[in-house]
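**Q** Need a 3D model of the sequence below.
(one chain, ligands or ions: 2)
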Amino acid sequence: MEEESEGSEVSEESEVSEAEFREPFRCPVDCLGWDFSTQQVKVVAVNGEMEVYYDSNVHFDSHLPEFRTVGGVHVQKDELTVTSPVLMWIQALDRLLENMKEDCFNFASLLAVSGAGQQHGSVYWKAGASQALANLSPDLPLHEQLKACFSLCDSPVWMDSSTTPQCRQLEATVGGAQALSCLTGSRAYERFTGNQIAKVYQQNPVAYSQTERISLVSSFAASLFLGAYAPIDYSDGSGMNLLQIHDKVWSQACLNACAPHLEERLGQPVPSCSVVGTISPYFVQRYGFHPDCKVVAFTGDNPASLAGMQLKEGDIAVSLGTSDTLFVWLREPTPSLEGHVFCNPVDPQHYMALLCFKNGSLMREKIRDELASCSWNEFSKALQATEMGNGGNLGFYFDVMEITPEITGRYRFNADGYEVSAFPRDVEIRALVEGQFMAKRIHAERLGYRVTPRTKILATGGASRNSAILQVLADVFGATVYVTDTTNSACVGAAYRAFHGTFGADVPFSEVVRFAPRPKLAATPNPGAAQVYEVLLPQYAKLEQRILSQTRGPTK
Ligand SMILES: Nc1ncnc2c1ncn2[C@@H]1O[C@H](COP(=O)(O)OP(=O)(O)O)[C@@H](O)[C@H]1O
Ligand SMILES: O=C(CO)[C@@H](O)[C@H](O)COP(=O)(O)O
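**A** Ligands and ions are numbered 1, 2, ... in the order given. Below is the predicted model:
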């Protein structure tokens with residue numbers, strides 16, 4: 001009835017065709033942000049008022065089951081090598097673009113696109129691939145035309161921890177772990193791209209010699225939109241153990257230590273807010289993008305999240321995606337043996353510090369499946385049914401070799417500090433989540449971060465939609481937790497960065513996001529939380545040291 005009366009109000013003169021009504025002609029004013037993350041490709045569209053008006057995703061395991069990934073990756077037999085099929089990422093992009101077309105998405109309204117990618121992963125383009133990229137036929141999907149363009153079909157990703165020999169070699173070449181950290185922002189880490197490239201060169205020299213270009217996941221995705229090789233940006237480039245973070249040039253010593261003729265395969269890095277070109281004619285012809293649509297350099301998912309959360313100096317961001325990461329804005333870099341310093345993605349003068357925890361969402365999912373009937377609801381009820389501090393029971397859950405700290409296995413300790421083999425169900429669930437957040441606070445404080453009464457925690461990633469988890473985060477840190485409307489802050493950050501790129505680097509990022517929705521309050525610490533965790537945090541740190549010394553063996 002209501003529909004009928006609304007319809008009858010439209011007069012003959014004022015009638016417009018349905019297409020015109022839905023898609024009024026206007027200059028391109030919107031931006032698109034992509035995220036090529038571990039488990040899925042996601043996209044959001046943001047309008048000139050900084051509102052997200054469209055979002056969608058393609059999930060690798062469930063939407064592209066033919067690639068047989070688990071959590072978006074393949075863990076190889078050695079259990080250290082972890083890869084993803086590069087064609088799966090391209091096929092996911094094809095699928096997502098087709099879905100957008102079916103949704104009548106107005107590609108012509110796009111002023112610019114930018115994006116994010118899981119950090120550290122590398123893509124190996126075969127000689128001749130640039131020709132294929134530049135000559136794509138609009139009649140076919142990308143994956144059908146780019147099949148033969150890679151010298152490695154399986155790209156090493158951030159979960160890989162198989163490059164310990166290459167790491168030691170790189171550190172030795174530049175004068176040790178601290179020297180490498182001072183130069184590149186991090187000591188050598190197995191997942192960092194330079195060490196991954198060194199392994200490819202050493203173990204698969206034929207593939208290396210056939211490679212004309214090496215991209216990060218972020219610059220690989222940008223290359224698809226550009227129809228040409230896109231440069232690596234300073235911020236994601238900082239996750240390679242190759243870029244001198246002060247001078248923003250490749251370190252010749254590090255390049256030489258990893259593989260020959262590497263600089264020509266990487267291309268020159270660029271500031272993160274650079275416009276790297278206009279959209280490839282393929283996208284104009286196949287999807288109707290505006291031919292002037294700009295491509296702004298893609299960056300890492302964590303730097304993009306910093307932008308999406310509008311992180312300010314003093315705030316601390318906690319991303320609960322496949323990995324858990326914690327990051328802060330830094331004015332002066334003080335690289336150490338723990339954590340990473342990256343170039344800042346929105347302010348070329350500044351930096352960001354990051355800690356990465358590998359046993360994040362996938363570990364929580366495992367415990368949920370083992371103890372809470374595969375239900376987040378039940379998992380959350382267990383958190384709510386247990387007391388802050390968990391009666392002094394503490395747990396460590398690292399089913400895969402953790403990055404911070406380097407420990408593997410599950411360890412449980414009762415209130416007297418004795419190791420026990422099991423906890424009751426609800427205690428186990430709280431021990432997992434409390435332990436994960438205590439580790440984050442302890443390691444952030446080792447980097448010099450201090451929680452103050454004004455500390456704001458900004459949470460994002462899939463698990464940030466779980467209020468019981470956020471409550472534990474607020475209690476352990478003794479700080480208020482805020483969330484953005486979307487759990488996809490990397491995508492939203494990519495779209496904000498697309499605007500930033502088109503406005504120009506002279507416009508401060510804070511101006512670009514002046515009217516963007518502000519993060520909303522999600523949890524405040526419970527009374528008494530500070531007293532509980534004041535006692536528990538040093539105990540957790542001590543036990544972590546105990547496990548480390550037991551698993552590393554006696555120090556010589
Ligand atoms: N309600 C929830 N409670 C806790 N975790 C959740 C919930 N919903 C989703 N997640 C977690 O979010 C993870 C995905 O996070 P997301 O940020 O989308 O990942 P990525 O960007 O790395 O692909 C899943 O692995 C899942 O464990
Ligand atoms: O290795 C790191 C950061 O150093 C990871 O944070 C990856 O960037 C993967 O991100 P998600 O897919 O978990 O968001």
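**Q** The residue in the chain that ligand 1 sits nearest to: how many residues sit nearby?
**A** Ranking the residues of the chain by distance to ligand 1 (CB to the nearest ligand atom) places residue 462 first, at 1.9 Å. Just so you know, the C-beta spots here come from the backbone N, C-alpha and C atoms, and that holds for glycine as well. Residues contacting residue 462 under the criterion other CB atoms under 10 Å number 19.
**Q** how near is it to residue 40?
**A** From residue 462 across to residue 40, the span is 10 Å (CB to CB, to the nearest Å).
**Q** helices and strands around the helix ranked longest in the chain, which ones?
**A** Counting by DSSP state H, the longest helix found in the chain is helix 529-552. Counting contacts by 3 or more CB pairs under 8 Å, 6 or more residues apart in numbering; DSSP states H and E, helix 529-552 packs against strand 394-398, strand 409-413, helix 425-446, helix 467-477.
**Q** If you count neighbours, what's buried in that helix?
**A** 529, 532-533, 536-537, 540-541, 543-544, 547 (16 or more other CB atoms under 10 Å).
**Q** Tabulate the helices and strands packed on helix 529-552 (CSV), appending distance to residue 370, mean neighbour count and mean pLDDT.
**A** As requested, the helices and strands packed on helix 529-552 are exported to CSV (distance: least, CB to CB, whole Å; neighbours: other CB atoms under 10 Å; pLDDT from 0 to 100):
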stretch, distance to residue 370, mean neighbour count, mean pLDDT
strand 394-398, 11, 22, 98
strand 409-413, 11, 18, 98
helix 425-446, 9, 22, 97
helix 467-477, 17, 22, 98
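**Q** who wins for proximity to residue 325 among those?
**A** With CB to CB as the criterion, residue 325 lies closest to helix 425-446 of the helices and strands packed on helix 529-552, at 9.2 Å.
**Q** what's the angle between the following helix or strand past the closest one and helix 467-477?
**A** Using DSSP states H and E, the helix or strand that directly follows helix 425-446 along the chain is strand 456-460. Going by axes from the mean of the first three to the mean of the last three CA atoms, to 10 degrees, strand 456-460 is angled at 150 degrees with respect to helix 467-477.
**Q** chain center to strand 456-460, what's the gap?
**A** With CA atoms, centre = their mean, to the nearest Å as the basis, strand 456-460 stands 15 Å off its chain's centre.
**Q** which residues sit against it?
**A** For strand 456-460, contacts defined as CB atoms under 8 Å, 6 or more residues apart in numbering pick out 305, 308-309, 311, 314-321, 470, 473-474, 477, 479-484, 487-490, 519, 522.
**Q** Equivalent analysis for stretch 469-476, please.
**A** Residues from elsewhere that reach stretch 469-476, judged by CB under 8 Å, 6+ apart: 318, 320, 364, 380, 383, 388, 430, 433-434, 437-438, 440-441, 457, 459, 463-464, 480-481, 483, 522-526, 529, 532-533.
**Q** ok now that stretch, how far from the chain's centre?
**A** In terms of CA atoms, centre = their mean, the centre of stretch 469-476 is found 22 Å from the chain centre.
**Q** Give the buried residues for stretch 263-272.
**A** Using 16+ other CB under 10 Å as the test for burial, stretch 263-272 gives 265-267, 269-272.
**Q** Stretch 117-129 now?
**A** Neighbour counts using 16+ other CB under 10 Å place 117-126, 129 of stretch 117-129 among the buried residues.
**Q** Near ligand 2, list only the ones from the residues you listed.
**A** Filtering the buried residues of stretch 117-129 for neighbours of ligand 2 using CB under 6 Å from any ligand atom leaves 118-120.
**Q** Can you list which of those are found in strands?
**A** Judged by DSSP state E, strands contain none of those.
**Q** got the residues you listed as CSV, with distance to ligand 1 and pLDDT columns?
**A** Below are those laid out as CSV (distance: CB to the nearest ligand atom, whole Å; pLDDT from 0 to 100):
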residue, distance to ligand 1, pLDDT
118, 7, 98
119, 11, 98
120, 13, 98
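**Q** returning to that earlier point: turn the helices and strands packed on helix 529-552 into CSV, columns for distance to ligand 1.
**A** Shown next, in CSV, are these (distance: least, CB to the nearest ligand atom, whole Å):
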stretch, distance to ligand 1
strand 394-398, 14
strand 409-413, 18
helix 425-446, 10
helix 467-477, 6
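**Q** Could you dump the ones you listed into TSV and include distance to residue 496?
**A** Output for the helices and strands packed on helix 529-552, formatted as TSV (distance: least, CB to CB, whole Å):
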stretch	distance to residue 496
strand 394-398	34
strand 409-413	39
helix 425-446	25
helix 467-477	23
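**Q** quick one: which of those is nearest ligand 2?
**A** Taking CB to the nearest ligand atom, helix 425-446 is the member of those nearest to ligand 2, at 13.2 Å.
**Q** circling back to that earlier point, looking at the helices and strands packed on helix 529-552, which is nearest to residue 511?
**A** Between these, helix 425-446 lies closest to residue 511; by CB to CB that is 29.1 Å.
**Q** Send me that closest one as CSV with only the CA atoms.
**A** Presented in CSV, the C-alpha positions along helix 425-446 are these (Å, rounded to 0.1, in the frame of the first residue of the first chain):
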residue,chain,number,x,y,z
ARG,A,425,36.6,-24.8,29.9
ASP,A,426,35.8,-21.2,30.9
VAL,A,427,39.1,-20.7,32.6
GLU,A,428,40.9,-21.8,29.4
ILE,A,429,39.0,-19.3,27.3
ARG,A,430,39.7,-16.4,29.6
ALA,A,431,43.4,-17.5,30.0
LEU,A,432,43.7,-17.4,26.2
VAL,A,433,42.2,-13.9,25.7
GLU,A,434,43.8,-12.3,28.9
GLY,A,435,47.2,-13.9,28.0
GLN,A,436,47.0,-12.4,24.4
PHE,A,437,46.3,-8.9,25.7
MET,A,438,48.8,-9.1,28.6
ALA,A,439,51.5,-10.1,26.1
LYS,A,440,50.5,-7.0,24.0
ARG,A,441,50.8,-4.6,26.9
ILE,A,442,54.1,-6.1,28.2
HIS,A,443,55.7,-5.9,24.7
ALA,A,444,54.3,-2.4,24.0
GLU,A,445,55.8,-1.2,27.3
ARG,A,446,59.1,-2.7,26.4
